[in-house]
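>>> Show me how the following folds:
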Amino acid sequence: MVDDTTLVLIATLVQTVVITLTLLVFIFQFRSQEKALQENSYQNLLGRYNEFMMSEAASDESLISRFLASEGKLNPSDVASIRRLALSYGLIEEAYELYKRRWIDEDQWSQWNTWLMAISRNPHFANFHTRSAGMYDKDFQAHVTRMLESQKATQPAEKP
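Alright, predicted model coming up:
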């Protein structure tokens, strides 16, 4: 015959096992939801990238000219170039944020960083980066600054 203490102990043990299993199910559900959210965030970024690559933005020469006032009057080609540069910069910043959160891996970030290095060769890039200080993520802008300094250090010195 089983006494009352044993029954209480068995009931407590069963309740503990049930609660533990329930918590494990919740943990796995939350993990799968987080993984789906990560994948969705990256897919949204890729979708915006594709829209960007296919878009033709409307002209806004005066705004860009005022933003980069030290360069004086910009021709329409420069304005279009700067507009696409700004859109690219914002998209890459978004990819950087996903990378920082570990929502995209090193290989995926490397592809975005390669694009960043490519657009940094645009003659307006350094000025845009400097003038947009504080408008983008601080860590991303620090990353871009280090990249520009690294590029500057590896360039051959100009002859007088």
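>>> Need the residues that contact the strand or helix carrying residue 111.
Assessed by DSSP states H and E, residue 111 sits inside helix 106-119. Defining contact as C-beta atoms under 8 Å, 6 or more residues apart in numbering, one finds that helix 106-119 is touched by 42, 85, 88-89, 92, 95-96, 99, 125, 144, 147, 151. Using the backbone N, CA and C atoms, a C-beta is placed for each residue, glycine as well.
>>> And for stretch 144-151?
Against stretch 144-151 from outside (C-beta under 8 Å, 6+ apart): 116-117, 120, 126, 129.
>>> Give me the angle between the longest helix anywhere in the chain and helix 106-119.
In the chain, taking DSSP state H as the definition, the longest helix is helix 4-54. Counting by axes from the mean of the first three to the mean of the last three C-alpha atoms, to 10 degrees, helix 4-54 lies at 20 degrees to helix 106-119.
>>> on that earlier part again, restricted to strands, list the contacts of helix 106-119.
Nothing among the contacts of helix 106-119 maps onto strands, per DSSP state E.
>>> any idea which of those is closest to residue 28?
residue 42 (21.5 Å; C-beta to C-beta).
>>> Could you check how far that closest one is from residue 128?
Per C-beta to C-beta, to the nearest Å, residue 42 is found 25 Å from residue 128.
>>> The two: which is more packed in?
Using other C-beta atoms under 10 Å as the criterion, residue 42 and residue 128 rank with residue 128 on top: 19 against 16.
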